[in-house]
Each structure stands twice: as C-alpha cells, then as structure tokens.
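> Show me the folded form of this:
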Amino acid sequence: MKAHVLSAVYRLGWNSVSAARNARRPVRCLEIGPGPDPIPGFEALNIVWTPGVDYVCNASKRLPFGDNTFDTLYASHILEHIPWYKVPDVITEWCRILKPEGSLEVWVPNGLEIARAFVAAEDGQPNAIHKDGWYKFNPNQDPAVWANGRVFSYGDGRGTPGHFNWHLALFSERYLQDILSGAGFSQTGILDRSAVRGYDHGWINLGVYGKK
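Numbers count the residues shown, from 1 in each chain. All right, here's what the predicted structure looks like:
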C-alpha cells in the first residue's frame, strides 16, 4: 500500500487505535518527525506514513493526545519546517501534551553559527563550512549557495511550493530558549551533542531542552 494511502488511513482512525494501544505504557516517549529510523522505545509521529510510525499528523497543528500524556518529547530538525511566526504556538501545544516534570528535547540548525560561517567565508576569513560538507545543488561549493541550502533547504528538489522539506524558521540558542520559556517550560538549557538520540547533523546542530 502506498505511503499516501496509509497516511489517509491513519488520519481516519488508526491514530486513535495506536493511542489506545500505547496508553498502558508506564513511561511514554514521543518522537516527532522520526525519519527512516524511529528511536527504539519511542512512539513516533510523522507528517506522512513511514515504517515504524504510530501516528500520522501535522506537528504544527493540534496533536491527537490529551493533556499530560508524555514523559519525553523529542523533535530533531522539525521546528525549522514550521513557519517562524507559528513556532511559539506549536511549542505551547507540545508543552500541553507533556506530563508535569516532562521534558522536551529539540534539535534545529544553528542559524547563528550558519550566519557566522557565511559571513566569514564571504570576507575571506577561516570558517567551518568545509567541516559541514553539505553541498547539495552546489557542485562549486559556493558559500552563498551553501548558506541558502542550510537556511532554506530545497523542498522536494523540484521547486514545489508548500512541500514540507522547506525551512521556514531560523534559531539561535537564546531565541529558542526564550520560546520554550514563553510556552510554559519552567527550565531550559542547551543540550550537548552527545545527547543526540538519532542522526547527528554535525556542528550546525543546536539542541535545547525544556522541563515542564
């Protein structure tokens, strides 16, 4: 069965079946946007169906869970795909479904470090772009093209407007912590890269946690 058909099936009712099946877990952890390899022991929510996904849902909208459901939420490189002006409301919704004392772990591209590397490269100064090595659509390894790719991403690679792979928000450590504090998290901090649970995006990776 094709992925788009399975996605429709999940939205029509299987989300509720999955929620009922997982409700008896003594500790519940949710990964938002798991990619091809969901984290073992986590329930998985994705915008389209992929193997291992429990719930098909747009993470920028109201989620199909009651208040105080999960102990941990983990979202790696998801927030940058949500329009920047909607991010505070999205984080507030994610906070809603966390239990008291629950934790949110968020990873995003570090917009400040990307900007610093771009400016340094254009000024002919030492920079970390070569350590990243991400040169999609950039055979000449031009720093401006690299910055465009890192900041805006590339959609589906064919220029389709509205594709979920575009980047729509930019973050720094301070800004992301401010958003979490404003959404109701009582404590925030920076995550070390050793805390990455899945794929590590390298030096451009920015991790922030919030405790409800």
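> can you list contacts of the longest strand belonging to the chain?
In the chain, with assignment by DSSP state E, the single longest strand is strand 98-109. Strand 98-109 is contacted by residues 68-80, 91, 94-95, 150-151, 167, 169-171, 176, 180, 185, 191, 195-197, 201, 204-212 when judged by CB atoms under 8 Å, 6 or more residues apart in numbering. All C-beta spots, glycine's among them, are computed from the backbone N, C-alpha and C.
> Quick check: buried residues in whatever helix or strand comes next after that strand?
Using DSSP states H and E, the next helix or strand after strand 98-109 towards the C-terminus is helix 111-122. For helix 111-122, the neighbour count (16 or more other CB atoms under 10 Å) marks 111, 113, 114, 117, 118, 121 as buried.
> Could you do stretch 76-90 as well?
76, 77, 78, 79, 80, 81, 82, 87, 90.
> who's in contact with the fourth one?
If I follow you right, that is residue 79. Residue 79 makes contact with 87, 90, 91, 106, 108, 169, 171, 176, according to CB under 8 Å, 6+ apart.
> Quick one, grab the pLDDT at it.
Looking at residue 79, its pLDDT is 98.
> same thing with the last one?
The confidence metric pLDDT takes the value 98 at residue 90.
> From residue 158, how far out is it?
27 Å (CB to CB, to the nearest Å).
> In this structure, where is pLDDT below threshold?
Counting by pLDDT under 70, the chain has low-confidence residues at 1-12.
> now with 90?
Within the chain, the stretches with pLDDT under 90 are 1-20, 23, 35-37, 48-52, 133.
> Pull the contacting residues for the most far-flung residue of it relative to its centre.
In terms of distance from the mean C-alpha position of the chain, residue 124 ranks first, at 32.4 Å (CA atoms, centre = their mean). For residue 124, the contact set (CB under 8 Å, 6+ apart) is empty.
> switch to numbering from 582
Sure, I'll start counting at 582 from here, so that last one is residue 705.
> Could you find the residue nearest the spatial middle of this protein?
Geometric centre of the chain, nearest residue: residue 659, 2.0 Å, by CA atoms, centre = their mean.
> Look at the residue lying closest to residue 734 once chain neighbours are set aside and give its secondary structure.
What sits nearest to residue 734 in space, not counting adjacent residues and going by CB to CB, 6 or more residues apart in numbering, is residue 748, at 4.2 Å. Recorded secondary structure, residue 748: coil (DSSP: H, G, I helix; E, B strand; the rest coil).
> how many neighbours does residue 748 have?
21 (other CB atoms under 10 Å).
> Would you check that it makes contact with residue 732?
Yes - between residue 748 and residue 732 there is a contact under CB atoms under 8 Å: 6.3 Å.
> Compute the inter-axis angle for the host helix or strand of residue 670 and strand 679-690.
Taking DSSP H and E as the criterion, residue 670 maps to helix 668-677. Counting by axes from the mean of the first three to the mean of the last three CA atoms, to 10 degrees, helix 668-677 lies at 140 degrees to strand 679-690.
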